[in-house]
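*Asks:* Have a look; sequence and predicted model below, questions after that.
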Amino acid sequence: MNKISENRSFGGWHRQYEHASAVLDCRMRFAVYLPPQASVETPVPVLYWLSGLTCTDENFMQKAGAQRMAAELGIAIVAPDTSPRGDGVADEDRYDLGKGAGFYVNATEAPWSKHYRMYDYVVNELPALVEQEFPVTRVRAISGHSMGGHGALTIALRNPERYVSMSAFSPIANPSNCPWGELAFTTYLGADREVWKGHDTVELLKTTAARIPALVDQGSADSFLAEQLGTDTLEQTVAATDYPMTVRRQDGYDHSYYFIASFIEDHLRFHADHLKAAQ
Ligand SMILES: N[C@@H](CCC(=O)N[C@@H](CSC=O)C(=O)NCC(=O)O)C(=O)O
């Protein structure tokens, strides 16, 4: 693992690292924010942040403005990249498939299955590395935006023993029934819609017995809301299953990081309550 940048921030440190990923079979970059409290004597819990289409580890760290509150609350934040990278990695000449669009699944279809295993990377390989290299505990929460909101919710719902809380901004909540999700799942997972259900928040909510506290924010002026995100279906499913998920509609907000920056404090405080209770 190589450190490739570091910046002091609110008394803590923002750092970027590059490492060889065995799971993805390529070199990967991720970012970590370590709050001032983090030390070997006082390890801190971790919030994993999964970004959306076209993003790298940098979008959230540079635009969300999360560091001040993470420093105050004593939470580390880890932001991985959104797909495998490198010259030998399969790609498509479009923004919603291939590099920058890993959809947090393990691809089973050629040529994608060689590198596109973002589910295993986020669930297992990256936390193992983070917990070995940094002064953090094994108490984790997970959040994300859009494609990353889909990733955060589905990964937590599939692994309730690994996360104390989950949240999302503008998640792709029902990817089996929207153009982004149908394209990605057909391409990475094949045509069997039963397989897709294992990576679809709405479908997972219908069958899970676990109850992970959850917060979702959705802007009313989001240009992707009608066609891609499935928020109405999410709300109906939460009500029908009595799932402990708060879905907030935020008037006039769009899909951008201006929206995320406006409400990230609420999400960090929400996660901090659950992370501290589990320490
Ligand atoms: N057509 C756009 C789409 C890219 C986009 O809007 N990406 C969002 C996430 S969308 C769902 O996963 C994003 O977070 N962009 C990065 C940012 O910093 O805002 C395009 O290609 O521009």
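*Replies:* Noted; the coordinates are in hand. Numbers count the residues shown, from 1 in each chain.
*Asks:* With adjacent residues omitted, what lies nearest to M166?
*Replies:* In space, and not counting its chain neighbours, M166 is closest to A156: 3.8 Å by CB to CB, 6 or more residues apart in numbering. The C-beta positions use only the backbone N, C-alpha and C, and glycine is treated the same way.
*Asks:* what do you get for V130?
*Replies:* Using CB to CB, 6+ apart and skipping residues adjacent in sequence, the residue nearest V130 is V78, 5.6 Å away.
*Asks:* what do you get for R193?
*Replies:* Per CB to CB, 6+ apart, closest to R193 is S176, 6.2 Å.
*Asks:* In contact with A66, which residues are there?
*Replies:* 33, 49, 60, 77, 264, 268 (CB atoms under 8 Å, 6 or more residues apart in numbering).
*Asks:* residues in contact with F10?
*Replies:* Contacts of F10 by CB under 8 Å, 6+ apart are 35-36, 67-68, 70-72.
*Asks:* and with 10 Å instead?
*Replies:* With contact set as CB atoms under 10 Å, 6 or more residues apart in numbering, F10 has these partners: 33, 35-36, 66-72.
*Asks:* just Y33 next, same as before
*Replies:* 7, 9-10, 12-15, 46-47, 49, 60-61, 66-67, 70-71, 75-79.
*Asks:* count of residues packed around I4?
*Replies:* 10 (other CB atoms under 10 Å).
*Asks:* for it, helix, strand, or coil?
*Replies:* strand (DSSP: H, G, I helix; E, B strand; the rest coil).
*Asks:* Also D232?
*Replies:* Look at D232: counting by three-state DSSP, its state is helix.
*Asks:* That one reaches C178, doesn't it?
*Replies:* No - with contacts defined as CB atoms under 10 Å, D232 does not count as touching C178, sitting 11.9 Å away.
*Asks:* Quick check: neighbours shared by those two?
*Replies:* The contact sets of D232 and C178 overlap at A226 (CB under 10 Å, 6+ apart).
*Asks:* For those two, indicate the residue with more neighbours.
*Replies:* C178 (20 against 14).
*Asks:* Got the confidence number for the residue nearest to the more buried one when sequence neighbours are not counted?
*Replies:* Spatial nearest neighbour of C178, excluding adjacent residues (CB to CB, 6+ apart): Q228 at 4.6 Å. pLDDT, Q228: 98.
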